[in-house]
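Asker: compute the structure for the input listed below.
(one chain, ligands or ions: 2)
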Amino acid sequence: MKRATGTYVKSTTLGEVVKAFVPHPLPPQKPALALEVYQDLNHKAEMALARLSGVSGLVPSVDWLLYSAIRKEALLTSQIEGTQATITDLFDDEAGLEVSNTDDVEEVTNYIAAYRLVRDNLRDPKGLPISVRLLRKAHKLLLNGVRGAGKQPGALRRSQNWLGGTRPGNAVFVPPPADKVPALMSDLEKFIHDQPRKGEEAKSKGLPPLVGIALAHAQFETIHPFLDGNGRIGRLLISALLEDLGLLPEPLMYLSGYLKQHQTEYYRLLSAIRKEGDWESWVQFFLEGVQVAATQAEENIVKIASLVASDRRKLLESPKGGAAAYRLFEMLPMMPRFTVERVKTALGTTFPTANAAVKALEELGLITETTGNKKNRSFSYDRYIQLLSSA
Ligand SMILES: Nc1ncnc2c1ncn2[C@@H]1O[C@H](COP(=O)(O)OP(=O)(O)O)[C@@H](O)[C@H]1O
Ligand SMILES: [Mg+2]
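Answerer: Numbering: from 1, shown residues only. Ligands and ions are numbered 1, 2, ... in the order given. Below is the predicted model:
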């Protein structure tokens, strides 16, 4: 045991008496986190984030980068929780095409809505800061719909919950009793407000902001303040803080990819904080993850940008491309699945013009038709989607 990170209290649920874990407030104490534990990894992670921020300067428009990065994070964070949806499902849904797994897709689009709400608030000088209130609002959007109903969307839980196992008595982890949750969350909120922005930690004599984010996420998961959606809101908190503390000016990274890939380790290290008092291993895992995820996102942006650039060249060099085809091409990164009808609306042209533009791109091999039927044909910018799904 490295240190005590909380205490156990008796809690009764479903007629059973269990020991629920009540974490100490952040930051870790006795001993505090040592500089050697995080200094080097923190530096590397911050550098990787800075490089990722810089790469967006290489592309003419940053919109589609954000568009795809936010969707990747939404998908991956939902997949950690078992949601079965792919990026193609998401694009089809946005194109108004039929998807088979509507409930799964809804979970992903709910996440996007929740994230947008948080981001809009943080960017608005009159908006809410990162706070329990804002997280509750996000939770309400996340659990909006079929699967969330009955899970108290938007409210802190009022009953004892547990993780793993069939009942509280054989659970892997019993979070704090419900009556302790509001106070624990307000402690966490205070800790978050005290976090320095990037480059200002010396002034505040505090921990670097990335370390603060690692601590805040784990503490959130330990409190497990909601009946469901704790994983997704806890990871949304990571994305929000990265931007709010000035580590990444735009949400270009999808850390959930790393967390999904190392899911067993992720959960094991969250438990080790409680069971072994080991904050260090979690912080190191998190910093390593940021470095890997940021580097991966950067590499992927370069790959996608060069695909789009070389396809654009093909189009410009061909006699087939007209003004409408060119405009359609520029829209593809943000609408890689579409029907002619949708193109017509997006371009604001007639159906024949839209149809001709689609045909031109198809003949150049830039897009492919995905349906056999004559009516309501749909098309796909396949190689782009493949690149997005691979990393
Ligand atoms: N042993 C653990 N200790 C603390 N938190 C854990 C542990 N195992 C998993 N978690 C967290 O709990 C999340 C799942 O909680 P849940 O409320 O079901 O969220 P969601 O509905 O978003 O899946 C995981 O994604 C993880 O972040
Ligand atoms: Mg869940």
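Asker: how much space separates the spatially most central residue of the chain from ligand 1?
Answerer: Here the mean C-alpha position of the chain is nearest to the C-alpha of E73 (CA atoms, centre = their mean), at a distance of 3.6 Å. Between E73 and ligand 1 the computed distance is 13 Å (CB to the nearest ligand atom, to the nearest Å). C-beta coordinates here come from the backbone N, C-alpha and C atoms, glycine included.
Asker: now do P23
Answerer: Computed with CB to the nearest ligand atom, the distance linking P23 and ligand 1 is 10 Å.
Asker: how about the contacts made by T353?
Answerer: For T353, the contacting residues are A324, K344, L347, taking CB atoms under 8 Å, 6 or more residues apart in numbering as the criterion.
Asker: right, and the last one touches A356 too?
Answerer: So the one you mean is L347. No: applying CB atoms under 8 Å, one finds L347 not in contact with A356, separated by 10.8 Å.
Asker: any residues in contact with both of the two?
Answerer: With CB under 8 Å, 6+ apart, L347 and A356 have common neighbours A324.
Asker: where does whichever residue of the stretch 1-150 of the chain sits closest to ligand 1 land on pLDDT?
Answerer: Closest residue of the stretch 1-150 of the chain to ligand 1, CB to the nearest ligand atom: E81 (3.3 Å). Per-residue confidence at E81 stands at 93 (pLDDT).
Asker: surely it and I233 touch.
Answerer: No: judged on CB under 8 Å, E81 makes no contact with I233 at a distance of 11.0 Å.
Asker: ok, those two, which is more surrounded?
Answerer: I233 (24 against 15; other CB atoms under 10 Å).
Asker: where does the residue nearest to the centre of the chain land in three-state SS?
Answerer: Using DSSP: H, G, I helix; E, B strand; the rest coil as the criterion, the local structure at E73 reads helix.
Asker: could you look up the SS state of the closest residue to it other than its chain neighbours?
Answerer: Take E73 and drop its neighbours on the chain: the residue closest to it by CB to CB, 6 or more residues apart in numbering is Y254, 4.1 Å away. Three-state call for Y254 (three-state DSSP): coil.
Asker: then the one 4 residues further on?
Answerer: Y258 falls in the helix class when you classify it by three-state DSSP.
Asker: then Q195?
Answerer: With three-state DSSP as the basis, the three-state label of Q195 is coil.
Asker: ok, it - contacts?
Answerer: If you count contacts by CB under 8 Å, 6+ apart, Q195 has them with G206, P209, G212, I213, A216, L241, L245.
Asker: wait, isn't L252 in contact with Q296?
Answerer: No: in this structure L252 lies outside contact range of Q296 using CB under 8 Å: 10.9 Å.
Asker: higher neighbour count, the two?
Answerer: With neighbours defined as other CB under 10 Å, L252 and Q296 compare such that L252 has more, 26 against 17.
Asker: distance of that one from N161?
Answerer: Distance of L252 to N161, computed by CB to CB, to the nearest Å: 34 Å.
Asker: just D187 next, same as before
Answerer: If you measure D187 against N161 using CB to CB, the figure is 19 Å.
Asker: of those two, who's got more company?
Answerer: Taking neighbours as other CB under 10 Å, D187 and N161 compare with N161 leading, 22 against 16.
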